[in-house]
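Asks: Provide a 3D model corresponding to the input given below.
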Amino acid sequence: MAKNLLIVESPAKAKTIEKILGEEFEVRSCYGHIRDLEKSEMGIDLKNKFSPRYAVPADKEKVVKELKSMAKKAKEVWLASDEDREGESISWHLSEVLGLDPKKTKRIVFHEITAPAIKKAVENPRFINMDLVDAQQARRILDRIVGFELSPVLWRKIGMQKSLSAGRVQSVAVRLIAEREREINQFTPESVFKISALFSANDINKKKVKFKAEGPQKLATGNAAEKFLTECKGAKYTVKDINVKDGKRTPSAPFTTSTLQQEASRKLGYSVSKTMLLAQKLYESGKITYMRTDSISLSETAVDAIKAEINSSFGAKYYQPRKFKNKNENAQEAHEAIRPTYMNESKVDDADLNRLYELIWKRTIASQMSDAQFEKTVAKIEVSTNKETLSASGEVMKFDGFLKVYLESNDDEEEENDESEESLLPPLSVGQVLDFIEMTGLERFSRPSARYTEASLVKKLEELGIGRPSTYAPTISTIMKRNYVEKREKEGIKRNYQILSLNNKDEIKTEVSSEITGAEKNKLTPTDLGLVVTDFLKLHFSKVMDFNFTAKIEGEFDEIAAGKLLWSDMLTAFYEPFHTTIEHTLETAERAKGERELGFDPVSGKKLITRMGRYGPMVQIGHQDEEEKPRFAKLKASQSIETISFDEAMELFKLPRMLGQFEEEEVSVNIGRFGPYAAHAKKFYSLNKEMDPYTVTLEELTPMIAEKRKAKDERTIKVFEKEKIQLLRGPYGPYIKQGLRNFKLNKEQQEKVETLTIEEVNAIIAELKANPPRKMARKKKAS
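Replies: Alright, predicted model coming up:
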């Protein structure tokens, strides 16, 4: 008997749903998108209202063939891809490829994989929503146009590598990171002096306790701080006023995609892509609701389940119902916030998944819990000698409320000082004279805005209305893959600061202490390539790089999804001025190098510049037009063409370094296309990661050369010196190496590899070049 065929995107999701639906349904996966725009000629008919030309990729042919066969035998075909625009697009492509009628084929949606949700969806099917499909098509086509037309401009005007590309959202994201970097580089810290005093008073047990009070304002100079301390010599410190106020803290809304990505980064140290990978697994295994959403609402069923869990685990006084409303009117990627499907399950079995699951569970529970109640006391303390007022504050938690479960993190935590934390105050009374211990004037420095983390970049993109829940993770991975941005660890630098102090004997002392400042880990930093590309795009494609324009485009996609705008009209309005700018730039724009003049070489008197070269950032002495060839040196990984100094640049020309002799042959070190290396006896050896070519010694290098030579000898089976061909041992068996290319041997050839002649090796190479393996052939065709 024929069964219903229900198609979803992933095997894990298929497995979970098949258990729920039982024998009447056969659930199969299409493994994501089954069609995409053709690679050749953009895959878009620009003259026919941007009509797309779709093709089934080679790696999806087998899946499509199986689904077609099953669809013919099935009683009825149901489409159950995800409920966002991308999911709607997948369902439409399935209907087109499988020959289904989109106006009659049943389409079901659900935001959680539970028995009630799946069964309810099957009872209430709908048809494919072409407005959502058109919105996704418009996004895909517009992004293909931008990438296809803009990338060749970068190849011609910046060059270096064909991996250069531009994307509508990616380029704006790189601009944010580049502008923050320049803001930091141009920042000059200013110092101020912060006045604070330490007092003692009796606590409720008549025991002396210390507490701190802050000065009235920060002072601009050390002299001003010293003057203030001098004025306080011999002073009495009297409590002038005590103000007690009740305060509260309210929980945050449940997670959206972006807030989950931000909080998982801050609390768990996860990258955006790791968070989405784990969330996808949790969703497909039926543990959480759909993970791509910008909604913060909760269903009535979910609220009832949360209420029951709070009352059961914490008591009725901890429950406080809340309805959260989106600020974004277009929050329609899904119908509900990210939450656990079963609130009585606070953990899952898998350790890695459980860390993210617990975060989601706690945030969801906390969203419906009572406010945390505090009592804050502020005491004003008068200084008798100069009538200035100091402030001492303390906070007492009267009821923990949602804080029993969850406290939201923020991006500035690492910069916050323990001095700002509220402490307890002893009982004080108006008119009370306090025991003075010490007053200090502590030098503090202003700080620039922090470099973006993945979390803070997602937050900024969302604030600007750029991108949507499904785009944040691929945007960040793309700009890093393209070498426009990288994650860097930055060592802090030592900085001195002053501390002025007045003790209870009216003695003023000044001391200098030091601190390490500016240390950073996993912050997003633009590469020199990213900076040059950003400058070029801002100069010639200001509209594409404009934050408001990019957000406007996102708004137009929303209008298409709502049926208010034709996608072809939207693309026409974008393409005509964009294409004109492309043609004008190709004709008139100069080649971008990011060139910066540093000075003149003291020996030759020739100009010293830093710029982008074919293989990355470099410094150069002399010019191509001069009779003597210019000298070049590659920048270190930690250096930038924007910030490198003259002295640092000249230091780079110390390479190559001749270190002395080993086995009667000279050893030198240099930096080449593939990084630092040592040269010895006409052989080259990559330096170990911890070795610096500018400081490494001969004694450190000789054991490395011997070790790498031995390893190479063990791998080498035979060498044909004249033809520059080697037969080597690899992890998957013997193979041929000719120059930079490797050629795989079949089983029979591997068995007799030691007896192969040069004629036989040449024949094998010729055969493999003429008839490359299937995987290689596909790769070649795609490129």
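Asks: now the strands for the stretch 301-450 of the chain?
Replies: Using DSSP state E, counting those that start in this stretch, the strands of the stretch 301-450 of the chain run over 372-383, 389-399, 435-445.
Asks: dump those into TSV; add mean pLDDT, distance to E408 and mean neighbour count as well.
Replies: Where C-beta positions appear, they are placed from N, C-alpha and C, glycine not excepted. Below are these laid out as TSV (pLDDT from 0 to 100; distance: least, Cβ to Cβ, whole Å; neighbours: other Cβ atoms under 10 Å):
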stretch	mean pLDDT	distance to E408	mean neighbour count
strand 372-383	95	12	18
strand 389-399	93	16	16
strand 435-445	96	27	18
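Asks: turn the ones you listed into JSON lines, columns for distance to Q136.
Replies: Output for the strands of the stretch 301-450 of the chain, formatted as JSON lines (distance: least, Cβ to Cβ, whole Å):
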{"stretch": "strand 372-383", "distance to Q136": "42"}
{"stretch": "strand 389-399", "distance to Q136": "48"}
{"stretch": "strand 435-445", "distance to Q136": "49"}
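Asks: between the ones you listed, which one is nearest to E690?
Replies: strand 435-445 (32.9 Å; Cβ to Cβ).
Asks: tilt between the closest one and strand 389-399?
Replies: Relative orientation of strand 435-445 versus strand 389-399 (axes from the mean of the first three to the mean of the last three Cα atoms, to 10 degrees): 90 degrees.
Asks: for this structure, which helix is longest?
Replies: helix 130-157 (DSSP state H).
Asks: distance from it to the middle of the chain?
Replies: 22 Å (Cα atoms, centre = their mean, to the nearest Å).
Asks: can you check stretch 466-474 too?
Replies: Its chain's C-alpha centre and that of stretch 466-474 lie 11 Å apart, by Cα atoms, centre = their mean.
Asks: and for stretch 363-379?
Replies: Distance of stretch 363-379 from the chain centroid (Cα atoms, centre = their mean) equals 31 Å.
Asks: what is the end-to-end distance of that stretch?
Replies: From the first residue to the last, stretch 363-379 extends over 35 Å; the measure is Cα to Cα, to the nearest Å.
Asks: which one of the strands of the stretch 301-450 of the chain lies nearest to K712?
Replies: Among those, strand 435-445 sits nearest to K712 (Cβ to Cβ), with 52.3 Å.
Asks: quick one: buried residues of the next helix or strand after that closest one?
Replies: As assigned by DSSP states H and E, the chain's next helix or strand after strand 435-445 is helix 454-463. For helix 454-463, the neighbour count (16 or more other Cβ atoms under 10 Å) marks 454-462 as buried.
Asks: just the helices in the stretch 1-150 of the chain please.
Replies: Listed in chain order, the helices of the stretch 1-150 of the chain (DSSP state H, counting those that start in this stretch) span 11-21, 61-73, 85-97, 115-123, 130-157.
Asks: so which elements touch the second one?
Replies: Other helices and strands packing on helix 61-73, by 3 or more Cβ pairs under 8 Å, 6 or more residues apart in numbering; DSSP states H and E, are strand 4-8, strand 25-29, helix 85-97.
Asks: what mean pLDDT would you report for that helix?
Replies: Average pLDDT, helix 61-73: 94.
Asks: what are the buried residues along that helix?
Replies: Quick answer for helix 61-73 (16+ other Cβ under 10 Å): 63-64, 67, 70-71.
Asks: give me the distance from it to the chain's centre.
Replies: That offset, for helix 61-73, works out to 38 Å (Cα atoms, centre = their mean).
Asks: measure the closest residue to V63 other than its chain neighbours to I7 for me?
Replies: Nearest residue to V63, sequence neighbours excluded (Cβ to Cβ, 6 or more residues apart in numbering): Y31, at 5.7 Å. Distance, Y31 to I7, using Cβ to Cβ, to the nearest Å: 10 Å.
Asks: so between those two, which is more surrounded?
Replies: For Y31 and I7, the more surrounded residue by other Cβ atoms under 10 Å is I7, and the numbers stand at 26 against 15.
Asks: hey, what's the more buried one bridged with?
Replies: Beta bridges link I7 to R28, L79, judged by DSSP bridges.
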